[in-house]
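Student: 3D model of this:
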Amino acid sequence: MVEEAAKQKVDAEPGKGVPAIRAILGKKLGMTQVFDPTGIVHPVTVLEVGPCVVTKLCSVERDGYASVQLGYGELPEKKLSSPLRGQFKKSGLPYLKFLKEFRLKCAEGVQLGQKVFLEGMFQPGDYVDVAGRSKGKGFAGGVKRHGFAGGPKTHGQSDRHRAPGSLASRRSLGRVLPGQRMAGHMGAENVTVQKLEVIRVEPEKNLLYLEGAVPGTARGVVIVRETSKFPKRRVVHVAQAAAKAEKKAPKKAAPKKAPAEPGSGLKKD
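Tutor: Below is the predicted model:
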């Protein structure tokens, strides 16, 4: 009964186009390519983002800073810890799997239980930062993990082709110093790719097309937010785009001149 009431509450307050929130959670679908109006092809990553639910609000008066916590992806109650289960029951919201807190300059107009959609958040030409968990590679050697060149293939080096080489010296400390690049676990780390351009937005399908690669595997969860770099939007000059389109357009044949009338070229006295 609590879950049904929470769902009705959330659906009653859609909260589309919340201007204060410039971030959203979603999942990576894969890569493809699209053509822009000028005919240029762009390699893009397709993300299915939102809808997210506002699960927690922090205010300057109570917490010392303003932020909002977004939840994404429902899951059964038994898979949640007791503190999170109590948080959702207290707020009357459905149980969500992924939670992420975002700082806000002003939380005015944001309410607990609101749904945050892609519509009105980003548009083509904007730049965003995408954070995700990279693919796990397992235990990798120095050549694969750090790009070592390996040993020579001649002069009896039959078993040193992919060896890391010398690691320490007997003269100084006589031990391997912390931070030395060696073989070890590779991948499965939190990675953020900054300033990816938004190529296309399909809010009715919750799809976002970003130029370039995004960390993580297909169906992996990603965090999309407005970029912290400058500028935050690409300035597209209409005149330049029209000039490029005019150059690519086929040239029309010049109209033929009408034949001159007889005697029109004679000089008059």
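Student: please enumerate the helices of the chain.
Tutor: If DSSP state H is used as the criterion, the helices of the chain fall at 2-12, 60-63, 82-91, 142-146, 238-248.
Student: in this protein, what spans have low per-residue confidence?
Tutor: The chain contains residues with pLDDT under 70 at 1-19, 235-242, 251-269.
Student: can you give me the strands in it?
Tutor: 23-35, 41-49, 52-58, 67-74, 96-103, 115-116, 127-133, 136-140, 184-187, 190-202, 207-211, 221-226 (DSSP state E).
Student: and residue 106, how many neighbours?
Tutor: 10 (other CB atoms under 10 Å). Where you see a C-beta, it was placed from the backbone N, CA and C, and this is true even at glycine.
Student: show me the contacts for it.
Tutor: 20, 66 (CB atoms under 8 Å, 6 or more residues apart in numbering).
Student: is it possible to get a markdown table of the strands of the chain that adds mean neighbour count?
Tutor: Formatted as a markdown table, these follow (neighbours: other CB atoms under 10 Å):
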| stretch | mean neighbour count |
| --- | --- |
| strand 23-35 | 17 |
| strand 41-49 | 19 |
| strand 52-58 | 21 |
| strand 67-74 | 19 |
| strand 96-103 | 16 |
| strand 115-116 | 22 |
| strand 127-133 | 21 |
| strand 136-140 | 11 |
| strand 184-187 | 14 |
| strand 190-202 | 16 |
| strand 207-211 | 22 |
| strand 221-226 | 20 |
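Student: neighbours of residue 169, just the number please.
Tutor: 10.
Student: just list whatever residues bridge to the closest residue to residue 220 other than its chain neighbours.
Tutor: In space, and not counting its chain neighbours, residue 220 is closest to residue 28: 5.2 Å by CB to CB, 6 or more residues apart in numbering. Counting by DSSP bridges, residue 28 is bridged to residue 47.
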